[in-house]
Every structure is written in C-alpha cells, then in structure tokens.
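A.B. asks: Give me the fold of what follows.
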Amino acid sequence: MGRPEDQPLLTTAELSRRLNVTAGTVQRWVRTGRIRPTLVTPGGQYRFSLDDVRDQLGQPRRRPDAD
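C.D. replies: Residues are numbered from 1 along each chain as shown. The predicted model follows:
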C-alpha cells in the first residue's frame, strides 16, 4: 500500500471525521485488525493514509478535487 507523498497522514481523530465515525470506532478497527495504520509513532499514536484505509474498508477512493 503506497500513498502519494503530497497526501498527509491523518491522526485517529482526523480519520474518524473523514469517515464519519467515532475515534473509538477507528481504534476498535485497528485493535480487531479491520484496518492497519500507515505509521505508529514512537509514542504509540496511529497515523493513517486515507486512501489506504478506504482500500482496507473496501470504499472507493475519492477524486483529489472532491475534498
């Protein structure tokens, strides 16, 4: 799974807002293996590529000009 270099990594809170779910739902998805973070910081915080998560969830990617 790659990501364009210009696409920022999202925090759990940012990802939850983009997907219209709670941060707890995102954390549960990671815990149960439904999604994998793109990066885990040294402090244990998750960072996500929106396109990678959409792929993992089986959701279509959005056009870059649609955001």
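A.B. asks: tell me which residues in the longest helix that the chain contains are buried?
C.D. replies: Using DSSP state H, we find that the single longest helix of the chain is helix 23-32. Neighbour counts over helix 23-32 (16 or more other Cβ atoms under 10 Å) mark 26, 29-30 as buried. (Each C-beta comes from the backbone N, C-alpha and C, glycine too.)
A.B. asks: is it possible to export those residues to a markdown table including distance to residue 19?
C.D. replies: Written out in a markdown table, the entries for the buried residues of helix 23-32 read as follows (distance: Cβ to Cβ, whole Å):
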| residue | distance to residue 19 |
| --- | --- |
| 26 | 7 |
| 29 | 9 |
| 30 | 13 |
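A.B. asks: all helices for this protein, in order.
C.D. replies: Along the chain, the segments classed as helices by DSSP H run 12-19, 23-32, 50-57.
A.B. asks: follow-up on the earlier one: using CSV, lay out the buried residues of helix 23-32 together with pLDDT and distance to residue 11.
C.D. replies: What follows is these, written out as CSV (pLDDT from 0 to 100; distance: Cβ to Cβ, whole Å):
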residue, pLDDT, distance to residue 11
26, 97, 10
29, 97, 15
30, 97, 13
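A.B. asks: can you tell me which residues contact residue 34?
C.D. replies: When the contact criterion is Cβ atoms under 8 Å, 6 or more residues apart in numbering, the partners of residue 34 are 28, 56-57.
A.B. asks: Mind checking which residue lies nearest the centre of the protein?
C.D. replies: For the chain, the residue whose C-alpha lies nearest the mean C-alpha position (Cα atoms, centre = their mean) is residue 48; its distance is 3.6 Å.
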